[in-house]
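Chemist: Build me a model:
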Amino acid sequence: MSDAEVDAFLHEQRTMICATIGRDGAPHVMPLWFIVRDGDVWAWTYAASQKVRNLERDPRATLAFEDGEIYEELRGVTLATEAEIEHDPDFVAALGLAVYERYVDGDLPPAVRESIAKQAPKRVAIRFVEYGRTSWDHRKLQASP
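Modeler: Predicted coordinates:
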């Protein structure tokens, strides 16, 4: 996929798969909601989560995004990244709001906004800085004769 196609694809996707490296070297793979901001993928999650512990020890992460039901429709992107973790509660709350706004159709109810603000001190924002990319789009494959 071209850079523009990857950008459009990421904006279409709802869930990313985040793979971090566990203490024993084994992959730790978890789904996350995310937003794309100025070309970077961002997520918010609990500071005490295993993925955050892994990223604090080793900031490398691979992000995977995929779509398609049958072989001819399969497309996806993997991003090799280095994570930057932000702990500032105001920043984390603002990112949490942005993430929820992406997934909720319409305005966020006040109770949801309050819940996000209350969770922020226990959460972190993660910026995934890309340093490598792989993409594929089987819809572009020519039909076999």
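Chemist: OK, contacts around the most centrally placed residue in the chain?
Modeler: For the chain, the residue sitting closest to the mean C-alpha position, by Cα atoms, centre = their mean, is Phe34 at 4.2 Å. Going by Cβ atoms under 8 Å, 6 or more residues apart in numbering, Phe34 touches 15-16, 41-43, 99. For the C-beta atoms, the positions are set from N, CA and C on the backbone; glycine is no exception.
Chemist: so of these, which ones are in strands?
Modeler: 16, 41-43 (DSSP state E).
Chemist: Quickly name whichever of those is closest to Glu56.
Modeler: Nearest to Glu56, judged by Cβ to Cβ, of the ones in strands among the contacts of Phe34 is Ala43 at 14.9 Å.
Chemist: neighbours of that closest one, just the number please.
Modeler: Residues lying near Ala43 (other Cβ atoms under 10 Å) number 23.
Chemist: 51 is where my numbering starts, stick with that
Modeler: From this message on, residue numbering opens at 51, which makes the last subject Ala93.
Chemist: Relative to Ala148, how far out is it?
Modeler: 11 Å (Cβ to Cβ, to the nearest Å).
Chemist: what residues are shared contacts of those two?
Modeler: Joint contacts of Ala93 and Ala148 (Cβ under 8 Å, 6+ apart) are Ile85.
Chemist: Just checking: what are the partner strands of the longest strand belonging to the chain?
Modeler: The strand spanning the most residues in the chain, taking DSSP E as the definition, is strand 173-187. Its sheet considered, strand 173-187 pairs with strand 90-96 (antiparallel), strand 125-136 (antiparallel) by DSSP bridges.
Chemist: nearest to Arg177, of these?
Modeler: strand 125-136 (4.5 Å).
Chemist: and the closest one, how far out from the chain's middle?
Modeler: Distance, stretch centre to chain centre, for strand 125-136: 7 Å (Cα atoms, centre = their mean, to the nearest Å).
Chemist: from the ones in strands among the contacts of Phe84, which single one is nearest Ala54?
Modeler: Val91 (16.5 Å).
Chemist: got the CA positions of the worst-scoring helix or strand of the chain on mean pLDDT in PDB?
Modeler: None of the helices or strands of the chain scores lower by mean pLDDT, DSSP states H and E than helix 160-169, at a mean of 90. Only the C-alpha atoms of helix 160-169 are listed here, as PDB (Å, rounded to 0.1, in the frame of the first residue of the first chain):
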ATOM      1  CA  PRO A 160     -21.100  13.700  30.900                       C
ATOM      2  CA  ALA A 161     -20.900  10.500  32.900                       C
ATOM      3  CA  VAL A 162     -18.400   9.100  30.400                       C
ATOM      4  CA  ARG A 163     -16.400  12.300  30.400                       C
ATOM      5  CA  GLU A 164     -16.300  12.100  34.300                       C
ATOM      6  CA  SER A 165     -15.300   8.400  34.200                       C
ATOM      7  CA  ILE A 166     -12.400   9.100  31.800                       C
ATOM      8  CA  ALA A 167     -11.200  12.000  34.000                       C
ATOM      9  CA  LYS A 168     -11.300   9.700  37.100                       C
ATOM     10  CA  GLN A 169      -9.400   7.000  35.300                       C
END
